[in-house]
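Visitor: Sequence first, then the predicted structure, then my questions.
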Amino acid sequence: MTTTTQTLNEIVRPMERGQITIPVAIRKKLKITPKTWLWVRLIKNKILIEPVEKKSSLGSLSNYLLSSVSDQQTYWRKEDTKALTKIKKKSKERLKKLI
Amino acid sequence: MKRVLVDTNVIIDYLRRKDKANSLFFQVFSLKDYIAVVSLTTITELWAGRSMTKQSTLKKVKKIIDNCEITLPSLEIAKQTGRILRQTNYQISFQDAQIAALTLENKFPLLTLDQKDFRKIKRIKFFKLND
């Protein structure tokens, strides 16, 4: 096993059912505890493990949307949408000045 | 459950409507088949709205965001954003380029109400219901 504290990497071997141990230094750095949910993804040929606040909110957005379906309040003004368009326009102008 | 990257305009449409059940956001995410993923760009754009100074809006938006997953940028995303800006000859905004980069890098389909600018980007996959 190789450990480099500076770059925080270590080579580990998965156990029979695919379990791996996240090195202590990485767990400490990312504040990973047994209560932390980890989002495991396959990206190209790499596995990305990312701490997330909670387990992928399974169905909770759906529950929230369904529970507030009768809510008829308007929460966003047209002026705010215009302001966003202005921000995007400014960003394009800024970029054109840079290049 | 499939992850879908949600553009800011989809959430804004939901927030603006009185008939929220007819919004695209509701129609997609009231089903339990999809997980809404939002970018930091979208959170920034939402928080930029003056409506966010109203407690009711703040509470509503926070509740939505709390039930979404947040995808964070990385060095690769930053490079990809730059490439997209270059390849589109700076015809799209930085914000849209970053959302597109997150879509491409994470292989998430994109849910947006304005496909026009994103169509300028090669390989972008738009979300279709029942996809």
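Guide: Sure thing, it's come through.

Visitor: ok now the helix ranked longest in chain A, how far from the chain's centre?
Guide: Longest helix of chain A, by residue count under DSSP state H: helix A:78-98. Remark: helix A:78-98 is offset 26 Å from the chain centroid, using Cα atoms, centre = their mean, to the nearest Å.

Visitor: Quick one: list the elements packing against it.
Guide: Under the contact criterion of 3 or more Cβ pairs under 8 Å, 6 or more residues apart in numbering or on different chains; DSSP states H and E, helix A:78-98 touches helix B:8-16, helix B:40-48, helix B:94-106. Just so you know, the C-beta spots here come from the backbone N, C-alpha and C atoms, and that holds for glycine as well.

Visitor: Go through the ones you listed and pick out the most buried.
Guide: For the helices and strands packed on helix A:78-98, the stretch with the most neighbours on average is helix B:94-106, a mean of 24; neighbours defined as mean count of other Cβ atoms under 10 Å in any protein chain shown.

Visitor: May I have it as CSV, with CA atoms only?
Guide: What follows is helix B:94-106 as a C-alpha-only set of coordinates in CSV (Å, rounded to 0.1, in the frame of the first residue of the first chain):
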residue,chain,number,x,y,z
PHE,B,94,-20.8,31.7,-19.0
GLN,B,95,-23.7,30.4,-16.9
ASP,B,96,-25.2,28.3,-19.7
ALA,B,97,-21.7,27.0,-20.6
GLN,B,98,-21.1,25.9,-17.0
ILE,B,99,-24.5,24.1,-16.8
ALA,B,100,-23.7,22.5,-20.2
ALA,B,101,-20.3,21.4,-18.9
LEU,B,102,-21.8,19.8,-15.8
THR,B,103,-24.3,18.0,-18.1
LEU,B,104,-21.6,16.6,-20.3
GLU,B,105,-19.1,15.7,-17.6
ASN,B,106,-21.7,13.9,-15.4
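
Visitor: if I look at the residue of chain B positioned farthest from its centre, how far off is A:Y75?
Guide: Relative to the centre of chain B, the most outlying C-alpha is that of B:Q55, 23.1 Å out, by Cα atoms, centre = their mean. Applying Cβ to Cβ, to the nearest Å, the value for B:Q55 to A:Y75 is 11 Å.

Visitor: just to revisit the earlier point, for the helices and strands packed on helix A:78-98, could you give me JSON lines that also reports distance to B:R119 and mean pLDDT?
Guide: Shown next, in JSON lines, are the helices and strands packed on helix A:78-98 (distance: least, Cβ to Cβ, whole Å; pLDDT from 0 to 100):
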{"stretch": "helix B:8-16", "distance to B:R119": "15", "mean pLDDT": "96"}
{"stretch": "helix B:40-48", "distance to B:R119": "19", "mean pLDDT": "95"}
{"stretch": "helix B:94-106", "distance to B:R119": "10", "mean pLDDT": "95"}
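
Visitor: Would you reformat those helices as CSV and include distance to chain A?
Guide: As requested, these are exported to CSV (distance: least, Cβ to the nearest Cβ, whole Å):
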stretch, distance to chain A
helix B:8-16, 4
helix B:40-48, 6
helix B:94-106, 4
